[in-house]
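Enquirer: what follows is a predicted structure for the sequence shown.
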Amino acid sequence: MQRRHLMALTVTSLLPGLGWAQTGKPVRLVVPFPPGGATDITARVLSEPLARALGQPVIVENRGGAGGSIGMAEVAKSAPDGLTLGVATLSTHGVNPAVYRKLPYDPIKDFVAVTELVKAPGVVVVNAALPVKNYAELIAYLKANPGKLSYASPGNGTIGHMWGELFKSATGTFMVHIPYRGAGPALNDVVGGQVMVYFDQVAASLPFIQSGKLRAIAVSWDKRLEVLPNTPTYAELSLPSSNDPSWFGLVAPAGTAPAVTSRLQQAVVKALQEPGVSTKLSAQGLFASGSSPAAFAAQIGKEIDKMQRIAKFAKISLD
């Protein structure tokens, strides 16, 4: 702790009028999942405007594996100097603490919450070859063929897994869970028809929905999305428990100086306000946020409590 405190003081001393960007060193933005998923899309859309806001390079690094635990552990062990940041998600800072008996990081003690980057509506999609066109037909098919269909997820204990189990519980249906090592590989197999159902963020699945390779069944948002105007929300389908969106946020290692955290949050807000950034994100099914560090920290705590209740109900527990 003493070493971290001294490092934080050193960084703070580099902040003439919050001119921390004058250090010029690159910022590592660790995405705890492989390329291709919505988390990765968010980081890459924001990397250039964030670099401009900070006045220094921002390098996106993918560190996938173990439901995001590997990447988050790397961030937790990094120096608290503001130069290594992690893209936290509902999986890494909500689901993982609820389903893993042991984690290589503590989602509260090992990080400083910086800001929520975006909210990410979820979507359940099916391969276009599956003979169902809407929610009612999917439910009818599942009830007529229990266990015949499988659904993919980015891995055991990820938000896709939780969404799938919640869907099964809420609808009284059964599908076999097929975990993958990341969102990209899972989505690829659903598009290819090896697995027929997927619970995803809209951002990653949208291009395949628009091309006709996947069919959107329902979204988790408070209203229909402009990019998917014909797809009902879960609330419309009387499934309010499934209607909460996912989110991605920025965290720094514990011990990061408050001045640095504030500077980072301000830079994110500035980046999100750049012309075209919010439009680019919303076109991907992502919605800009930029909440305060305190608000994001409170949100993480709330999500952990919620996911613990879901995990207990669905009996999901991992080593």
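Expert: Yep, it's here. What you see is a predicted model, and the numbers here were worked out from it, not measured in a lab. Numbers count the residues shown, from 1 in each chain.
Enquirer: only C-alpha atoms from now on, for both contacts and neighbour counts.
Expert: Fine.
Enquirer: what are the buried residues along the lengthiest helix in the chain?
Expert: Assignment by DSSP state H gives helix 293-314 as the longest helix of the chain. Residues of helix 293-314 classed as buried under the neighbour-count rule (16 or more other C-alpha atoms under 10 Å) are 293, 296-297, 300, 303-304, 307-308, 310-311.
Enquirer: how about the strands in the stretch 201-319 of the chain?
Expert: Ranges of strands in the stretch 201-319 of the chain, per DSSP state E, counting those that start in this stretch, are 214-220, 246-253, 287-288.
Enquirer: quick one: strands adjacent to the shortest one?
Expert: Right, strand 287-288. Strand pairing for strand 287-288, using DSSP bridges, gives strand 111-120 (antiparallel).
Enquirer: could you give the angle of the partner strand to helix 293-314?
Expert: Strand 111-120 runs at 70 degrees relative to helix 293-314, counting by axes from the mean of the first three to the mean of the last three C-alpha atoms, to 10 degrees.
Enquirer: roughly how far is strand 111-120 from the heart of the chain?
Expert: 10 Å (C-alpha atoms, centre = their mean, to the nearest Å).
Enquirer: what's the first helix or strand after that strand?
Expert: As assigned by DSSP states H and E, the chain's next helix or strand after strand 111-120 is strand 122-127.
Enquirer: got the angle between that following strand and strand 214-220?
Expert: Using the same axes, to 10 degrees, the inter-axis angle of strand 122-127 relative to strand 214-220 is 160 degrees.
Enquirer: quick one: mean pLDDT over strand 122-127.
Expert: Strand 122-127 comes out with an average pLDDT of 97.
Enquirer: from the contact counts, what lies against that strand?
Expert: helix 183-192, strand 197-201, helix 202-210, strand 214-220 (3 or more C-alpha pairs under 8 Å, 6 or more residues apart in numbering; DSSP states H and E).
Enquirer: keeping just the C-alphas, turn the third one into CSV.
Expert: This file holds the C-alpha atoms of helix 202-210, laid out as CSV (Å, rounded to 0.1, in the frame of the first residue of the first chain):
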residue,chain,number,x,y,z
VAL,A,202,-26.8,-5.6,-29.8
ALA,A,203,-23.5,-4.0,-30.9
ALA,A,204,-21.8,-7.3,-31.8
SER,A,205,-24.8,-9.0,-33.4
LEU,A,206,-26.2,-6.1,-35.3
PRO,A,207,-24.2,-6.5,-38.5
PHE,A,208,-25.4,-10.1,-38.8
ILE,A,209,-29.0,-9.1,-38.0
GLN,A,210,-28.9,-6.5,-40.7
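Enquirer: okay then, goodbye and thanks.
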